[in-house]
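# okay, predicted coordinates and the sequence, questions at the end:
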Amino acid sequence: MPGPRRFGTTMVWLTARTLRKFWANPGGGGGWGRAPSATRALSSSSGDGGGGSPSTSTVVKLAAARLPRGTKLPTQGEGQPTPETHPHLMSSGELTPGFSADEYRRRRRALADHLPANSVAVLAAAPPAFLPSTIIPYPGYRQEADFAYLTGVLQPGVVMMLERPPDGKHVYTLFVPPRSARDEIWNGQRIGTDAAIRFFGADATHELSDMDDVIARAARRASAVFADEGRQGGALSTAAFKATGKLHGCGPPRTLRPIIQALRWQKSPAEIQALRESVDADIQGFHSAIQASVPGALEYMVCANHEHRCKAAGASRLAYPSVVGSGPGALVVHYAAMDRVLEPGELLLMDAGCERRGYASDVTRTWPVGPGGFTQAQADVYEAVLEAHAKCLNAVALGVSVHDLHMLSVKVLSESLANLGVRGGKSQCMRYYPHSVGHWLGMDTHDTPTVPTTTPIQPGCVLTIEPGLYLPSDDPAVPKSLRGIGVRIEDDVAMMPETGEVEVLSRGLPTSVVGIESLVQELQAGNRHISRENRTVK
């Protein structure tokens with residue numbers, strides 16, 4: 001991949017006074033060829049002074065590489081797919097695939113309703129990640145979930161501010177990066193002031209060079225300010241947080257994250273549908289993985305088949321690093337090596353999910369390698385985990401918490417360990433079952449972590465159920481026939497937002513011993529072994 005041409009001094013610090021000089025004469029004197037309009041505000045109710053030039057105290061870090069004199073920028077777009085540019089992904093009225101602009105407005109309105117009168121909230125986009133020692137961005141930029149939930153902006157370098165004046169009518173402002181022809185050459189177009197209002201629905205918009213003063217003025221007017229320090233927004237988030245600190249008497253900013261995540265915790269029908277489609281893509285990936293998991297294959301080959309199929313089904317990325325562990329690898333909860341050869345008679349544990357339209361799936365299955373099916377010992381451990389899994393699924397109901405479900409799983413697995421002949425099994429359950437039975441699921445795999453797992457489940461909640469047993473190969477308390485067996489079974493469960501009914505989103509992937517064995521036999525028909533010499537399917 002080519003690197004950027006160097007122009008001597010590649011970075012400079014410019015004061016706002018210097019910036020105004022370039023904005024006034026963008027085509028000459030070493031300017032960047034950017035549009036002359038620096039600030040745009042279409043809502044006088046924000047009280048931010050409209051479209052003035054930035055304060056002389058503002059400092060902005062910009063690339064100073066010169067472009068040819070008179071360089072003209074193409075008409076600025078939205079910086080991400082729209083119904084007009086990507087009709088195969090989006091329908092009319094959608095801001096992001098599957099989600100209307102109205103849904104995002106409702107989310108911001110809900111946040112404003114949870115803020116006290118005369119308050120302001122500030123949140124920054126996630127920074128891009130780069131390959132070490134380069135300016136090459138990792139593919140598939142991922143937005144911070146809270147920011148994506150409120151704005152629909154799926155690109156870096158943006159800050160949002162939501163004001164709730166005393167009259168209760170909220171004002172939504174977006175701060176966007178200045179336009180740069182050089183950056184557009186390397187990274188493509190980004191959101192501009194026009195798109196912030198026209199497409200993303202902001203009431204007011206400014207370039208980032210104005211952010212410090214505009215946020216500070218809003219904070220001085222407010223009785224309460226909400227912002228989080230140290231979020232995923234990196235330097236931009238830190239700058240926004242510091243801007244909120246320029247207050248007159250209302251104290252330090254209050255934390256914003258728990259308020260947003262309380263809203264995200266209960267999903268809308270559109271969110272449930274996005275999760276359902278993400279799980280469906282994940283199940284297709286599991287089918288491809290099972291098909292590839294024949295004796296002689298490598299674990300990473302199984303993982304690659306899953307990822308390929310998920311992305312072919314519309315997923316943008318994996319939801320988290322997949323766990324594909326065979327034999328002893330199944331005993332490691334977050335096994336990552338994926339370098340073993342699959343041996344006949346072993347179990348293969350796969351914990352994998354994908355992210356589609358911004359929502360994650362998270363499914364785990366354990367199945368036997370080879371045509372022989374489960375051994376009796378493997379089936380005994382599997383059935384013990386399946387019993388806990390089934391009882392927890394049946395216990396999901398309004399008012400029950402994830403913690404309640406976890407305690408139920410511990411009770412069932414403790415009894416099963418004793419029945420399997422594990423000495424001290426009832427009192428040593430955590431030794432063989434070291435994780436929780438589940439977590440919230442949504443835009444993130446471990447979604448809304450500020451909502452405690454002791455919180456009773458409500459309509460719109462989505463969670464995982466994932467009991468497991470991991471019996472070490474060198475544990476004398478475990479019967480010899482059971483040593484070295486690891487099993488986990490995980491499903492994604494939603495409580496419908498309108499009816500309160502429980503739906504197992506991943507029910508299309510079997511869990512019973514007979515169902516797993518039948519699926520393996522069906523998918524691997526004619527694909528029984530991979531040669532150790534060339535690793536090609538025979």
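That came through fine.

# shaky segments in this protein?
Along the chain, the model assigns pLDDT under 70 to residues 1-76, 230-241, 243-251, 526, 528-538.

# just give me the longest helix of it.
helix 269-292 (DSSP state H).

# tell me how far that one lies from the chain's centre.
16 Å (C-alpha atoms, centre = their mean, to the nearest Å).

# with stretch 80-91 instead?
Using C-alpha atoms, centre = their mean, the offset of stretch 80-91 from its chain centre is 21 Å.

# helix/strand/coil for the spatially most central residue of the chain?
Central residue check for the chain by C-alpha atoms, centre = their mean: the C-alpha nearest the mean position is that of D444, 3.8 Å away. Under DSSP: H, G, I helix; E, B strand; the rest coil, D444 falls in the coil class.

# returning to what we had before: next SSE after the longest helix of the chain?
helix 299-312 (DSSP states H and E).

# could I get the buried residue list for that following helix?
299, 301-307, 309-311 (16 or more other C-beta atoms under 10 Å). To be clear about C-beta, it is placed using only N, CA and C from the backbone, and glycine gets the same treatment.

# ok, now stretch 175-190?
175-183, 187, 189-190.

# among the residues you listed, name the ones in strands.
In this view, these that belong to strands under DSSP state E are 175-176.

# returning to what we had before: ok, now which ones touch the residue nearest to the centre of the chain?
By C-beta atoms under 8 Å, 6 or more residues apart in numbering, the contact set of D444 is 145, 360.

# again, only using 6 Å
By C-beta atoms under 6 Å, 6 or more residues apart in numbering, the residues touching D444 are A145.

# now it: phi and psi?
Main-chain torsions, D444, degrees, to the nearest 10: phi -110, psi 160.

# and this structure, what are its domain boundaries?
76-264, 266-523 (automatic domain parsing).

# now do the first one: distance to the chain's middle.
Looking back up the chat, that one is domain 76-264. 16 Å.

# got it, and the longest one?
The chain centre lies 19 Å from the centre of domain 266-523; the measure is C-alpha atoms, centre = their mean.

# show the end-to-end separation of it, please.
End-to-end distance for domain 266-523: 37 Å, by C-alpha to C-alpha, to the nearest Å.

# ok, stretch 311-324 next?
OK, stretch 311-324 end separation, C-alpha to C-alpha: 18 Å.

# again, but for stretch 163-172
With C-alpha to C-alpha, one end of stretch 163-172 sits 7 Å from the other.

# before we move on, what about stretch 162-171?
By C-alpha to C-alpha, one end of stretch 162-171 lies 6 Å from the other end.

# buried residues in it?
Those buried within stretch 162-171 under the rule 16+ other C-beta under 10 Å are 162-165, 170-171.

# closest one to D362 out of these, please.
Comparing the buried residues of stretch 162-171 against D362 with C-beta to C-beta places L162 closest, at 30.5 Å.

# confirm the closest one sits in a helix?
No. Membership of L162 in a helix is not supported by three-state DSSP, which gives strand.

# please report the distance of it from P258.
Here the distance between L162 and P258 works out to 16 Å (C-beta to C-beta, to the nearest Å).

# need the phi and psi values for K480.
According to degrees, to the nearest 10, K480 has phi -60, psi -40.

# ok, now how distant is it from D474?
For K480, the distance to D474 - C-beta to C-beta - is 11 Å.

# what does A219 give?
With C-beta to C-beta as the criterion, A219 and D474 are 60 Å apart.

# so if I had to pick from these two, which one is more boxed in?
A219 (24 against 7; other C-beta atoms under 10 Å).

# quick one: what helix or strand has that one in it?
helix 211-221.

# right, and the helix or strand after that helix?
strand 224-226.

# by contact count, what packs against that next one?
Judged by 3 or more C-beta pairs under 6 Å, 6 or more residues apart in numbering; DSSP states H and E, the packing partners of strand 224-226 are strand 119-124.

# now the strand it packs on and helix 211-221, what's the angle there?
Here the directions of strand 119-124 and helix 211-221 differ by 160 degrees (axes from the mean of the first three to the mean of the last three C-alpha atoms, to 10 degrees).

# list every C-alpha atom in the following helix or strand past strand 119-124, with coordinates, as CSV.
Once the chain leaves strand 119-124, the next helix or strand it forms, by DSSP H and E, is helix 145-151. Presented in CSV, the C-alpha positions along helix 145-151 are these (Å, rounded to 0.1, in the frame of the first residue of the first chain):
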residue,chain,number,x,y,z
ALA,A,145,-22.2,2.6,20.6
ASP,A,146,-23.7,5.4,22.6
PHE,A,147,-22.7,8.0,20.0
ALA,A,148,-24.0,5.8,17.1
TYR,A,149,-27.3,5.2,19.0
LEU,A,150,-28.0,8.9,19.3
THR,A,151,-26.6,10.3,16.0
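
# list of residues touching helix 145-151?
107-108, 123, 125, 160, 260, 264, 443-444.

# which one of the residues you listed sits closest to V324?
Of the contacts of helix 145-151, the one sitting nearest to V324 (C-beta to C-beta) turns out to be D444, at 21.5 Å.

# the closest one and F130, how far apart?
On the measure of C-beta to C-beta, D444 and F130 end up 22 Å apart.

# over to A101?
31 Å.

# show me which of those two is the more surrounded one.
Using other C-beta under 10 Å, the more surrounded residue of A101 and F130 is A101, with 15 against 11.

# does the nearest residue to that one once chain neighbours are set aside count as helix, strand or coil?
Nearest non-adjacent residue to A101, counting by C-beta to C-beta, 6 or more residues apart in numbering: L95, 4.4 Å away. Assigned state for L95: strand (three-state reduction, three-state DSSP).
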